[in-house]
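okay, structure incoming, though there's no sequence with it:
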């Protein structure tokens, strides 16, 4: 089978489970190391002609990461496009099964069982805390409603301060964030690369927690290690 993945998380999941299936991946697909599949551009601006030329049996996409006009063009070219939606941990597990087993014809991988077990085994969270979770700077953007990362944090006892916002990734004025009444600020290193010297200084009154963006936003083999790693960081 020949598979093109337009989603970094799904690239890692497929490459780990079925080595050799991937013939095309995006420039942002960095996991696992040593990928030899052809690079076909970005998630938002793939080279559609290059994708078609690879003659894939299946193209993997995501409703949030990829643009519908691109997916429609691939379908019009006669390609089978599987589009995932991942807005919660449970949905991630369901979609990974659909992609790997239903789409790629692979056996359910052990790492997926391990990931489900790791999140099930988490102890009940302590007293809930409220966090601001920026994902971009210049302009400032934060996690809003109905997001995968927000669901992971909620399972760890951290409520997203903007979980009830009308938008999923709203732009937010800095003065409004600093007066939101949050208990901490969670700073992932992707999509914006927040560091100890770029981000925490803006929130001097709040404890800043730097987390691995892959643990917070990727759905794939990293989910097994994400549960204890995020819990330790937030502790």
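Arrived safely, thanks for sending. The structure presented is a predicted model; accordingly, all values stated were derived computationally and were not measured.

can you show me the helices along this structure?
All helices of the chain, identified by DSSP state H, fall at 8-17, 48-53, 68-76, 89-97, 110-120, 148-155, 174-178, 213-217, 222-234.

got the phi/psi numbers for the residue nearest to residue 174 when sequence neighbours are not counted?
Once flanking residues are discounted, residue 174 sits nearest to residue 140: 5.8 Å by Cβ to Cβ, 6 or more residues apart in numbering. From N, CA and C alone the C-beta is placed, and that goes for glycine too. Here is the backbone geometry of residue 140 (degrees, to the nearest 10): phi -70, psi 130.

present the helices of the chain as JSON lines; the columns should include mean neighbour count, distance to residue 205 and mean pLDDT.
As requested, those are exported to JSON lines (neighbours: other Cβ atoms under 10 Å; distance: least, Cβ to Cβ, whole Å; pLDDT from 0 to 100):
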{"stretch": "helix 8-17", "mean neighbour count": "25", "distance to residue 205": "34", "mean pLDDT": "98"}
{"stretch": "helix 48-53", "mean neighbour count": "16", "distance to residue 205": "48", "mean pLDDT": "98"}
{"stretch": "helix 68-76", "mean neighbour count": "15", "distance to residue 205": "41", "mean pLDDT": "98"}
{"stretch": "helix 89-97", "mean neighbour count": "19", "distance to residue 205": "31", "mean pLDDT": "98"}
{"stretch": "helix 110-120", "mean neighbour count": "16", "distance to residue 205": "32", "mean pLDDT": "97"}
{"stretch": "helix 148-155", "mean neighbour count": "20", "distance to residue 205": "20", "mean pLDDT": "97"}
{"stretch": "helix 174-178", "mean neighbour count": "14", "distance to residue 205": "7", "mean pLDDT": "93"}
{"stretch": "helix 213-217", "mean neighbour count": "21", "distance to residue 205": "23", "mean pLDDT": "96"}
{"stretch": "helix 222-234", "mean neighbour count": "18", "distance to residue 205": "18", "mean pLDDT": "95"}
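
the residue nearest to residue 174 contacts residue 175, doesn't it?
No: here residue 140 lies out of contact with residue 175, judged by Cβ atoms under 8 Å, at a distance of 10.3 Å.

kind regards, and thank you for your time.
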